[in-house]
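Chemist: sequence and predicted structure are below.
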Amino acid sequence: MHAFLPAADCAAFLVDELQRAGTGAHLDSSTGFVHSDALPALPWLAFARQTLPEAAVVKDASINGWADQIITRIAGLLPDAQPWRLHLWPAYGEGRAGLHRCDLIRTALHERLKKRRRALLRSLEESDMPFLPGTSLVQAVLTGPDAGYISVSQAPQPVSLRAIISPFIGGDIPHAEDKAAPSRAFAKVIEAELRLGQQIERGQTCVDLGASPGSWSYVAIQRGAHVTAIDRSPLRDDLMRNPRLSFLQADAFKYKPEQPVDWLICDIIAAPQRSMDLLVEWLREKRMRRFIVTLKFKGTDEYPLMDSLKELAPPLCADFRLTRLCANKNEVTAFGVAAAV
Ligand SMILES: C[S@@+](CC[C@H](N)C(=O)[O-])C[C@H]1O[C@@H](n2cnc3c(N)ncnc32)[C@H](O)[C@@H]1O
């Protein structure tokens, strides 16, 4: 059985998404996780925040019981000298009780590893950087004080399933804060960069479609990139005056760069099909190396439209992601790295 943590308020949409992918799925209402017997053949789940492959259900475990069960699960699966990460987190309650319990389980686990598998303790790494092909991931999730899941994802699965297995605990990334940004929308571009493990960098070229009032351009400018911003309305005055920003008052759907750019960033308010068509056209025409594109939905009826993007975009990409970001409202963000330009 595989368990999936849905994005906030998205459990029903995640069940639909898995079912449309041909994998039976149901919501376990006692844990809030979605269960499925298979992983989807096309491994993109817009509404999953984290995936626990081959999840074992844990019941009635004490602190020591959890530590023992984690040891039992990893025994024989993780080679001593190979790096691994442990995501041990509470998916219940609001207070500190769950976190405290996880701390106690971690301490008990470390004591056991010190006695029985010292080499394994040495290869345990703390990081939320993208997984490397040799890294395994162990997840122990408490869905109540004494119940939950343990999942072991052996290398190289965290890399091959990077579109649905997050290096962030529970797939959660807190909203970035910057009061000087023109709007809170800037948090979306920061979160997509973190998930991708790549940032807009100094000297890179960036096209920002649907750019006004300018918080995505603001991030790119701060990083030292050169931005071509396209919108029907101008951006905030200071951005309009910035020598590294060129503004075009034009229809973003008609714009074509003269040569490939490092980043397409696109947050146009438009029907999701139009934004998906734009993304696929830019990928086919090899107009960009990397991309972050918001799909904006009205209601929920059009979510199935994303199924075609899951077929069309990945063959054109070295890395393709499709995720409801923590910073998204009724949106899903497509981001990734194009196949070599
Ligand atoms: C959500 S806002 C973008 C916010 C921006 N990313 C930011 O962080 O400040 C969407 C923008 O898309 C623009 N837009 C919608 N349709 C457009 C079109 N066909 N051409 C150019 N801009 C368009 C709107 O004018 C609006 O400014």
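Modeler: Received it, and whenever you're ready, just let me know what you need.

Chemist: now do the contacts for the residue in the stretch 51-200 of the chain positioned nearest to the ligand.
Modeler: Using C-beta to the nearest ligand atom, the closest approach of the stretch 51-200 of the chain to the ligand is made by A185 at 3.3 Å. In short, each C-beta sits where N, CA and C put it, glycine included. Shown in contact with A185 (C-beta atoms under 8 Å, 6 or more residues apart in numbering): 215-216, 267.

Chemist: nearest to K298, of these?
Modeler: Ranked by distance to K298 (C-beta to C-beta), those are led by D267 at 15.8 Å.

Chemist: what's the longest helix anywhere in the chain packed up against?
Modeler: Criterion DSSP state H: the longest helix present in the chain is helix 97-116. In this structure, helix 97-116 makes packing contacts with helix 63-74, strand 84-90, helix 118-122, strand 136-144, judged by 3 or more C-beta pairs under 8 Å, 6 or more residues apart in numbering; DSSP states H and E.

Chemist: just put those in a markdown table and tack on mean pLDDT, distance to the ligand and mean neighbour count.
Modeler: As requested, those are exported to a markdown table (pLDDT from 0 to 100; distance: least, C-beta to the nearest ligand atom, whole Å; neighbours: other C-beta atoms under 10 Å):
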| stretch | mean pLDDT | distance to the ligand | mean neighbour count |
| --- | --- | --- | --- |
| helix 63-74 | 95 | 42 | 18 |
| strand 84-90 | 97 | 31 | 21 |
| helix 118-122 | 93 | 44 | 14 |
| strand 136-144 | 97 | 33 | 23 |
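
Chemist: quick one: residues contacting the residue nearest the centre of the chain.
Modeler: Nearest to the mean C-alpha position of the chain, by C-alpha atoms, centre = their mean, lies R195 at 4.9 Å. Going by C-beta under 8 Å, 6+ apart, R195 touches 166, 168, 173, 321, 323, 325, 335.

Chemist: which of the helices or strands spans it?
Modeler: If you go by DSSP states H and E, R195 is part of helix 186-196.

Chemist: could you point out which element follows that helix?
Modeler: Immediately after helix 186-196, counting by DSSP H and E, sits strand 205-209.

Chemist: for that next one, which outside residues touch it?
Modeler: 200, 216-217, 220, 225-231, 252, 255, 257, 261-268, 278, 288.

Chemist: which of those residues fall in strands?
Modeler: If you go by DSSP state E, those have 226-231, 261-266, 288 in strands.

Chemist: select only the buried ones of these in ChimeraX?
Modeler: Filtering the ones in strands among the contacts of strand 205-209 down to the buried ones (16 or more other C-beta atoms under 10 Å) takes a single ChimeraX command:
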select :226,227,228,229,230,231,261,262,263,264,265,266,288
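
Chemist: and the furthest pair within the ones in strands among the contacts of strand 205-209?
Modeler: Top of the distance list for the ones in strands among the contacts of strand 205-209 (C-beta to C-beta): D231 and D262, 19.9 Å.

Chemist: circling back to that earlier point, the longest helix of the chain to strand 84-90, inter-axis angle?
Modeler: 150 degrees (axes from the mean of the first three to the mean of the last three C-alpha atoms, to 10 degrees).

Chemist: send the alpha carbons of helix 97-116 over as CSV?
Modeler: Provided in CSV are the C-alpha atoms of helix 97-116 (Å, rounded to 0.1, in the frame of the first residue of the first chain):
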residue,chain,number,x,y,z
ALA,A,97,2.8,17.4,21.8
GLY,A,98,3.3,15.6,18.5
LEU,A,99,6.6,17.3,17.9
HIS,A,100,7.8,16.4,21.4
ARG,A,101,6.8,12.8,20.8
CYS,A,102,8.7,12.7,17.5
ASP,A,103,11.8,14.1,19.4
LEU,A,104,11.5,11.2,21.9
ILE,A,105,11.2,8.6,19.1
ARG,A,106,14.2,10.1,17.3
THR,A,107,16.3,9.9,20.5
ALA,A,108,15.2,6.3,21.1
LEU,A,109,16.0,5.4,17.5
HIS,A,110,19.5,7.0,17.7
GLU,A,111,20.3,5.1,20.9
ARG,A,112,19.4,1.8,19.2
LEU,A,113,21.3,2.7,16.1
LYS,A,114,24.4,3.6,18.2
LYS,A,115,24.3,0.1,19.8
ARG,A,116,23.3,-2.0,16.8
